[in-house]
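Peer 1: sequence and predicted structure below; questions after.
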Amino acid sequence: MAKSEEIVLLCGGGRTNRLAGQIIEVVNSRRIGQTPLKLSHTDFGWFSDGEPDHAFNSWEEIRDKHVVLFLSTHNMELVLELLILIRAIKKRYGAKSLTVVLPFMAFRRQDHPEIDAEFDLNLWFIENIKQNGADRLVVCDIHSKRTLENCQAVGLEAHHVKPTPLYAAALTDTVTQATELGKKLKVISPDKGSLLRCIALAKMIKASVVVSLKKRSETGNIVTKVEPSPEETRMIEGLAAEHGVSIELISEEVVKDVICILREDELDTGGTASYTCRDLMRAGAHRVELVVTHMKCSPTWKRKIVRKSPFHRIYGGDTIYREYQDRTGGLVVDIFTDVIIAETLAEVLDSLE
């Protein structure tokens, strides 16, 4: 285990200082007998033409140390900042190792090498993180396993933080109410890609899973009533057998009078989540609750999600800081990820020498 004097914790942009501070408190509580770790900061600045003018006022503290960098990459400015900081920490100032903690990771959905028209920016981003000098990556609730596969392909050590236990605990009252009301409780997977995420939650709250094989028509509209292909049928049956859960295809009969838990990895504009919720309510669902890890909250999200909300309740993670204008007066219940990220980071720090 590396001593505290050999570790530097550095906060980058994206308003991660609040979450990073909470994570460090938890990490310190697990490092019994060690000097408490403290958070350092970058001197952020910008030239008049918009180019970054960042600096480390105490760069000599970084050399030959194990550095942990906290940063969120929910916009392109932060992506650029991350790559600049990685290179500076490792190649300019000679850190012994660099662990990057990304509560929210950019290009999480652009991970389809089989689509010729897509640039596969997920792989590009991971390659740049590695080539600029990062040794390992800690990420929370990735969109798909492709991220981990890409990390392995370029030799970047990756640690995936799964927040499912946090949401299972938050849903305790919902589970109790379902029992009291005599209602079935089902976790809704809005697409194939969310199935494993939904299965994990369903197992913890003792619910079944409903999956939509939604596809886009030639006009761009979402089609939800899709018959599974033989491959999809085998995949669904295989997952059900492997994990010991019931998985049904979405239909009016399956969701009628059911308390539905819609599980998503992120909320962007809210369009898809709102559409899915209203579709479930039209099919006769008793109510719908939304569980989402990353509250990206792009413009117009409140118009679709908050105003005349179709959701009974929303459980939203704190991996992206929500400014005052993105608060909801209680509709979104905050789920704090500091403890579960800290547990993974503490294991990483324990492995450093």
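Peer 2: Arrived safely, thanks for sending.
Peer 1: how about low-confidence regions in the chain?
Peer 2: For the chain, residues meeting the criterion pLDDT under 70 lie at 214-226.
Peer 1: spatially central residue for it, please.
Peer 2: The C-alpha lying nearest the average C-alpha coordinate of the chain belongs to D141 (Cα atoms, centre = their mean; 3.7 Å).
Peer 1: wait, that residue touches T293, no?
Peer 2: Yes: if you go by Cβ atoms under 8 Å, D141 and T293 touch, sitting 4.1 Å apart. For the C-beta atoms, the positions are set from N, CA and C on the backbone; glycine is no exception.
Peer 1: now do the shared contacts for these two.
Peer 2: Residues touching both D141 and T293 (Cβ atoms under 8 Å, 6 or more residues apart in numbering): 163, 265, 317, 319.
Peer 1: sec struct for the last one, please.
Peer 2: Using DSSP: H, G, I helix; E, B strand; the rest coil, the three-state assignment for T319 comes out as coil.
Peer 1: spatially nearest residue to it, not counting backbone neighbours?
Peer 2: Leaving aside its sequence neighbours, T319 sits nearest to P103 (Cβ to Cβ, 6 or more residues apart in numbering; 3.7 Å).
Peer 1: and for the third one?
Peer 2: In this structure, G317 finds its nearest non-sequential neighbour in T293, 4.2 Å apart by Cβ to Cβ, 6+ apart.
Peer 1: which strands or helices does the helix or strand hosting that neighbour pack on?
Peer 2: T293 belongs to strand 287-295 when assigned by DSSP states H and E. Applying 3 or more Cβ pairs under 8 Å, 6 or more residues apart in numbering; DSSP states H and E, one finds that strand 287-295 makes contact with strand 259-267, helix 271-282, strand 313-317.
Peer 1: can you say which of those is packed in most?
Peer 2: Neighbour counts (mean count of other Cβ atoms under 10 Å) averaged over each of the helices and strands packed on strand 287-295 peak at strand 259-267, with a mean of 25.
Peer 1: what strands flank that strand, and is each parallel or antiparallel?
Peer 2: The pairing partners recorded for strand 259-267 under DSSP bridges are strand 185-189 (parallel), strand 287-295 (parallel).
Peer 1: show me the contact partners of the longest one.
Peer 2: Which is strand 287-295. 74, 104, 140-141, 163, 167, 170-171, 174, 188, 201, 259-267, 273, 277, 280-281, 310-320, 322, 326, 332, 335, 337.
Peer 1: tell me where the stretch 1-150 of the chain has helices.
Peer 2: 17-30, 76-87, 121-131, 146-154 (DSSP state H, counting those that start in this stretch).
Peer 1: run through who's touching the first one.
Peer 2: By Cβ under 8 Å, 6+ apart, the residues outside helix 17-30 that reach it are 9, 11, 34, 36-39, 41, 70, 101, 103, 318-319, 321, 336-339, 341-343, 345-346, 349.
Peer 1: try 7 Å
Peer 2: Outside helix 17-30, the residues within contact range by Cβ atoms under 7 Å, 6 or more residues apart in numbering are 9, 11, 36-37, 39, 70, 103, 318, 321, 338-339, 341-342, 345-346, 349.
Peer 1: that older thread, make TSV from the helices and strands packed on strand 287-295 and add distance to D120 to it.
Peer 2: Putting the helices and strands packed on strand 287-295 into TSV (distance: least, Cβ to Cβ, whole Å) gives the following:
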stretch	distance to D120
strand 259-267	19
helix 271-282	22
strand 313-317	26
